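Q: I need the structure of the sequence given here:
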Amino acid sequence: ANRGGRNHYWTNAWDAATLPAPKPDKINQHRYSFKQIGLAVNPPKHRTQHQLHIHIGNVPSDIRKKLLDHLPHHGTWSNFITIKDKSCVMKYIKGKNVPDVFNEVSQHAGEQKMQNLGIILAGHVDKNGHLDGFIILSCEDACVEKGLDYTCPRH
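A: Just a heads-up that it's a prediction; the model follows:
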């Protein structure tokens, strides 16, 4: 109900996952990969907290491979694919600006289905590893936070 106009939830979460913290100079040597980052929002019945919140983690390589194997053309939604035994669709949006994720999903699925959808936003990179777009994954009745990896392989 409060999504009117463009909101910045997803942009702020993406920035939190990708911008180096203002810490010692060594933090700038840290190389993250845009292709690893995943943001997830569970539907209300799969939330561990009462309020909407965005999980920040990594998209595991098996899920990323499946996304890339079925990547739709820019601006179109895919046919249904199965990820972790859940029925999902996805959309690729070219560009470096975080898309308006909730509105993209709502326009495709219909507002009446939004309360039953788990959503993941993942970065897409070009052959040089530069961010060139985003993948929105929308899964029916899914606790999508479980699809992300929260380990820190660098430590």
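Q: Every contact and neighbour count from this point should use C-alpha atoms.
A: Will do.
Q: Quick test: name the residue nearest the centre of this protein.
A: The structure's the chain has its C-alpha centroid closest to Leu121; by C-alpha atoms, centre = their mean the separation is 1.3 Å.
Q: Can you name every helix or strand that whatever helix or strand that one lives in contacts?
A: If you go by DSSP states H and E, Leu121 is part of strand 117-125. For strand 117-125, the packing partners by 3 or more C-alpha pairs under 8 Å, 6 or more residues apart in numbering; DSSP states H and E come out as strand 37-41, strand 131-140.
Q: out of those, which comes closest to Thr48?
A: Of all the helices and strands packed on strand 117-125, it is strand 37-41 that lies closest to Thr48, at 10.9 Å by C-alpha to C-alpha.
Q: who's in contact with that closest one?
A: Residues outside strand 37-41 that contact it (C-alpha atoms under 8 Å, 6 or more residues apart in numbering): 10, 13-14, 17, 52-59, 118-123, 144-145, 148.
Q: Also stretch 135-155?
A: 38, 40-43, 46-47, 55-60, 63, 84, 86-93, 101, 105, 116-124.
Q: With stretch 77-93 instead?
A: With contact meaning C-alpha under 8 Å, 6+ apart, stretch 77-93 is reached by 63, 66, 70-76, 99, 108, 133-142, 147.
Q: Nothing else from me, thank you.
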